[in-house]
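> okay, sequence plus prediction incoming.
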Amino acid sequence: MKLKKFLALGLAAVLAVLLTGCVNQYPQETNGTAGGSARLVATSPAVADICDRLELDLVGVASSTLSTIPERYKETTQVGVAMSPDLEILKSLDPDYVLSPGSLQNDLQPKYASINVNAIFLNLKSVEGMYASIDDLGKKFNRETQAQALISEFNAFMQEYKKKNEGRESPRVLVLMGLPGSYIVATENSYVGSLVKLAGGVNVYQGTDQEFLNANTEDMRVKDPDIILRAAHALPDDVVEMFREEFETNDIWKHFRAVQEGRVYDLSYEKFGMSAKFNYPEALEELQPMLYGGDI
């Protein structure tokens with residue numbers, strides 16, 4: 001598939017995904033506008049960044065040692081890390097809504113229900129999903145002007161970006177997501193996978209609605225990717241070392257054409273995490289030489 005055709009389809013998908021941004025834990029309460037005075041808690045740095053761009057005040061914000069929390073929330077009560085916020089602190093803040101990444105909904109929704117707090121889960125699995133969520137939050141919390149400015153910025157970026165690799169063949173890519181001691185395949189439904197897709201790459205694992213898959217190395221080899229990208233779910237320094245050792249000691253990797261041609265790359269953790277962020281242009285810039293050649 002030519003990149004030009006791919007990106008044209010991708011832009012059409014942007015319009016479609018704008019209909020499915022946020023998921024409210026209590027859909028009966030989604031009608032109407034909550035206004036800018038709602039008591040809100042953001043349980044991840046990515047969600048806090050969105051709230052900052054929308055000029056929303058928070059009564060609680062995520063704790064993080066790996067990501068920077070916006071200056072606006074410097075004095076805001078911290079509620080713990082994204083995967084396991086402190087329910088006691090959350091309850092004490094008496095929020096109108098807790099805002100969390102949709103990827104954690106299955107784990108967090110029953111916990112929020114147990115303390116009887118409303119939750120909105122944002123679609124941060126892709127850049128398009130992030131802007132869909134921004135659109136929804138803007139309407140709900142009386143920040144439509146801010147939301148539309150951000151969406152217009154994204155559309156302008158995409159109009160220009162789609163010209164960058166026009167006419168080039170789309171490389172076939174295997175994306176690995178690692179933790180110290182293990183790794184899985186990231187599909188195009190994951191955030192890292194969505195960035196590769198946005199850049200024009202074709203994920204060798206398609207035809208699934210899953211974000212991540214368990215696959216053996218022989219199956220990966222048969223897929224014959226042009227490029228192998230390695231990302232970290234957490235502890236990036238440890239993961240880089242884990243991947244280095246795996247590729248040096250497991251003989252099967254020597255039979256991958258991508259390995260033989262030296263087209264194996266480690267992605268920077270700050271740009272290729274688990275949730276969509278506003279630094280996606282920098283992530284796409286990092287992908288450019290990996291996918292299409294040139295200096296790394």
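It's in. Numbers count the residues shown, from 1 in each chain.
> so for residue 128, what's the pLDDT?
pLDDT, the model's per-residue confidence, is 94 for residue 128.
> which helix or strand contains it?
helix 127-140 (DSSP states H and E).
> which residues touch the helix or strand following that helix?
Counting by DSSP H and E, the next helix or strand C-terminal to helix 127-140 is helix 144-161. With C-beta atoms under 8 Å, 6 or more residues apart in numbering as the contact definition, helix 144-161 has outside contacts at 11, 14, 18, 53-55, 127, 131, 134-135, 137-139, 281, 284. Every residue, glycine included, has its C-beta placed from N, CA and C.
> output helix 144-161 in CSV with nothing but the alpha carbons.
Once non-C-alpha atoms are left out, helix 144-161 reads as follows in CSV (Å, rounded to 0.1, in the frame of the first residue of the first chain):
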residue,chain,number,x,y,z
GLU,A,144,-15.0,24.3,23.8
THR,A,145,-12.9,27.2,22.7
GLN,A,146,-9.7,25.7,24.1
ALA,A,147,-10.6,22.2,22.7
GLN,A,148,-11.3,23.5,19.2
ALA,A,149,-8.0,25.4,19.2
LEU,A,150,-6.2,22.2,20.0
ILE,A,151,-8.1,20.2,17.4
SER,A,152,-7.4,22.8,14.7
GLU,A,153,-3.7,22.7,15.6
PHE,A,154,-3.8,18.9,15.1
ASN,A,155,-5.6,19.1,11.8
ALA,A,156,-3.2,21.7,10.5
PHE,A,157,-0.3,19.5,11.6
MET,A,158,-1.7,16.4,9.8
GLN,A,159,-2.4,18.3,6.6
GLU,A,160,1.3,19.2,6.5
TYR,A,161,2.6,15.9,7.8
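> tell me the helix or strand right after it.
The helix or strand immediately downstream of helix 144-161 is strand 172-179, counting by DSSP H and E.
> quick one on the thing from earlier: which of the contacts of helix 144-161 lies closest to residue 236?
Taking C-beta to C-beta as the measure, residue 236 sits nearest to residue 284 out of the contacts of helix 144-161, at 19.4 Å.
> first to last residue in stretch 129-148, what's the distance?
The straight-line separation of the ends of stretch 129-148 (C-alpha to C-alpha, to the nearest Å) is 15 Å.
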